[in-house]
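Trainee: sequence below, structure please.
(one chain, ligands or ions: 1)
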Amino acid sequence: MKENPRPLKRFGQNYLKDKNIIEKIIEEFGVKEGDKIIEIGPGRGALTEILYQRTDDLTLVEIDKRVIETLKENFPNAKIINRDFLKLNLSELSAPDNKLRVIGNIPYNITSPILFKLIEERESVSDALLMVQYEVAKRITSTPGTKDYGILSVIMNFFTDVKLCFKISPNVFYPKPKVHSAIIKIKFNKITAEDFDDRLFIDIVKAAFGKRRKTLRNSLAGSMFKGIEFGVLDDLIAKRAEELSIEEFLKLYNFIQNAKPASTR
Ligand SMILES: C[S@@+](CC[C@H](N)C(=O)[O-])C[C@H]1O[C@@H](n2cnc3c(N)ncnc32)[C@H](O)[C@@H]1O
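Mentor: Got it, this is the predicted structure:
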């Protein structure tokens, strides 16, 4: 039998070792026959083992070449891609009538890039179940006016339906991480207008939270949106970003999109 390679910190390798938790995660995901599933970072195959029994259409994306041979031996019918998930083109893996379902106990150091990628490629993705750091899960699911409310909360709740399913103790992993974890479930079923400018919306949210303690008027004045006359939005930009609802961010977006000269769009 091959020995397991040493876990690498830089790839965020904290492997699941508790059978009950593994089953609970898969139950929460809920696999149906015919589902087109892509697992980010299968590692030693803790989640893969059950997924493999429940669908014929499983793609495994793993950056660590040391485990690829073992994955091929253990899961001969899965499609195995030895690459960085962030560099994949998801539309090439999905089908118009069968979008991708994504699952992963992901490396925590690339949580935001993974979330932003899934949002960017949401036309190819139906839903995702991800293990993230508990603190991040709380930020994602927080509401305006709370201390956790920030960029990730606005972006995630604007583009997706997201919920925190359950918290997970560090004890179920090897090696044991320093932080608690949580499972989040994301549905990419929200529709934005065809000409919606994702990049602009994200830039506005980032600029708004740039100076968290200041009013939007001040934050935006020190950002790429300086010089815009907000006129009718005076009341709104007298608030701080952390007080703004998703609908108010959309109002701000609509205003800025119309205010911006076409050449800078
Ligand atoms: C937290 S471990 C989870 C392993 C396994 N799924 C489990 O639950 O025990 C994260 C996995 O993602 C892999 N990984 C790290 N960065 C990656 C990337 N950019 N693309 C694909 N896989 C990556 C790691 O090598 C590791 O196998």
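Trainee: what's the local residue count around the residue lying closest to residue 141 once chain neighbours are set aside?
Mentor: Among residues not flanking residue 141 along the chain, residue 164 sits closest, at 4.8 Å (Cβ to Cβ, 6 or more residues apart in numbering). All C-beta spots, glycine's among them, are computed from the backbone N, C-alpha and C. Residue neighbour count, defined by other Cβ atoms under 10 Å, stands at 16 for residue 164.
Trainee: need the pLDDT of residue 170.
Mentor: pLDDT recorded at residue 170 is 98.
Trainee: please read the previous query as pertaining to residue 4.
Mentor: For residue 4, the predicted pLDDT is 86.
Trainee: could you look up the SS state of it?
Mentor: Under the three-state scheme (DSSP: H, G, I helix; E, B strand; the rest coil), residue 4 adopts coil.
Trainee: can you check residue 154 too?
Mentor: Classification of residue 154 using three-state DSSP returns helix.
Trainee: list the contacts of the closest residue to the ligand within the stretch 151-265 of the chain.
Mentor: The stretch 151-265 of the chain approaches the ligand most closely through residue 173 (7.6 Å), counting by Cβ to the nearest ligand atom. Listed by Cβ atoms under 8 Å, 6 or more residues apart in numbering, the contact set of residue 173 reads 14, 15, 16, 17, 181.
Trainee: let's see it at 10 Å
Mentor: Contacts here follow Cβ atoms under 10 Å, 6 or more residues apart in numbering; on that basis residue 173 touches 7, 13, 14, 15, 16, 17, 18, 21, 46, 105, 131, 181.
Trainee: most neighbours among those, which one?
Mentor: residue 105 leads the contacts of residue 173 on contacts (other Cβ under 10 Å) with 28 neighbours.
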